[in-house]
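> sequence first, then the predicted structure:
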Amino acid sequence: MKTTKIEWTDKTWNPITGCTKYSAGCAHCYAEVMARRLKAMGLKKYQNGFELSLHEEALNEPLNWKKAHNIFVCSMSDLFHKDVPFEFVDKIMRVIEMTPQHRYQILTKRAERMYEYFQTHKVPDNVWLGVTVECRNVKSRIDLLRLIPAKIHFLSCEPLLESLGTLDLTGIEWVIVGGESGQSARLMKEEWVIEIKKQVENQKSVFFFKQWGTWGNDGIKRNKHANGKLLEGKIVQNMPE
């Protein structure tokens, strides 16, 4: 577990690393690039590169953190990948239940498998569940998410690849939006972001704008730090209670 630069969380915990591409948002996966870099640096945990790997030795890491944190679970993988046995997910959930001081943020593109797991398992009180919704053809993930009884349900619309159109945010407490970074990043238009923001506010959810990424709101490609995270001249990074 380590400190992270991801604005909406404090720590990352990776008892699983590696993944396989699943939908359009995966095309330029930041985790894949990072895993290959860490393998080249000789880190034992990433000796398999971006092949799916389970790390029993990392399971107990949160037990050493006494201060409360927001912890992004499996930032370098997907907890509900088809090749992760539910028995291993059980082990992760046990550690989560043993550390009630933390808030665990679980984000997946595999909403069907997450829904399947929680049909026979209770969501711990300190878990926030989210799905990635990067384009219109995966909006059905939202319908599955809202059926799972969790304290916080959230959407990550990152990288946002197109207008999502009308959104039903019933039962969704938090929505994160962000643009893609990297040499091959795809453009995100300001109008798409504003469209989501208005719907979030009208439906009484909480909105968080992470960043523009490689393309600025003016449609010019540059360093993501230069593009920043101002939306209509303001930083809008709200968190749910």
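In hand now; what should we look at? Numbers count the residues shown, from 1 in each chain.
> now stretch 217-231: mean pLDDT?
Over the span of stretch 217-231, the pLDDT mean works out to 96.
> show me how far stretch 27-37 is from its chain's centre.
15 Å (C-alpha atoms, centre = their mean, to the nearest Å).
> same question for stretch 187-201.
With C-alpha atoms, centre = their mean, you get 18 Å for stretch 187-201.
> now do the buried residues in it.
For stretch 187-201, burial by neighbour count (16 or more other C-beta atoms under 10 Å) applies to 187-188, 192-193, 195-197, 199-200. All C-beta spots, glycine's among them, are computed from the backbone N, C-alpha and C.
> what does stretch 141-152 give?
141-142, 144-146, 148, 150, 152.
> neighbours of residue 97, how many?
For residue 97, the neighbour count with other C-beta atoms under 10 Å is 14.
> likewise for residue 71?
Neighbours around residue 71, by other C-beta under 10 Å: 25.
> so which residue is dead centre in this structure?
residue 107 (4.3 Å; C-alpha atoms, centre = their mean).
> how about the strands in the protein?
2-3, 11-13, 16-17, 53-54, 70-73, 103-108, 127-132, 152-157, 174-178, 206-211, 230-231, 234-235 (DSSP state E).
> JSON lines for those strands, including distance to residue 42?
Output for these, formatted as JSON lines (distance: least, C-beta to C-beta, whole Å):
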{"stretch": "strand 2-3", "distance to residue 42": "17"}
{"stretch": "strand 11-13", "distance to residue 42": "20"}
{"stretch": "strand 16-17", "distance to residue 42": "15"}
{"stretch": "strand 53-54", "distance to residue 42": "16"}
{"stretch": "strand 70-73", "distance to residue 42": "25"}
{"stretch": "strand 103-108", "distance to residue 42": "29"}
{"stretch": "strand 127-132", "distance to residue 42": "31"}
{"stretch": "strand 152-157", "distance to residue 42": "31"}
{"stretch": "strand 174-178", "distance to residue 42": "31"}
{"stretch": "strand 206-211", "distance to residue 42": "30"}
{"stretch": "strand 230-231", "distance to residue 42": "39"}
{"stretch": "strand 234-235", "distance to residue 42": "38"}
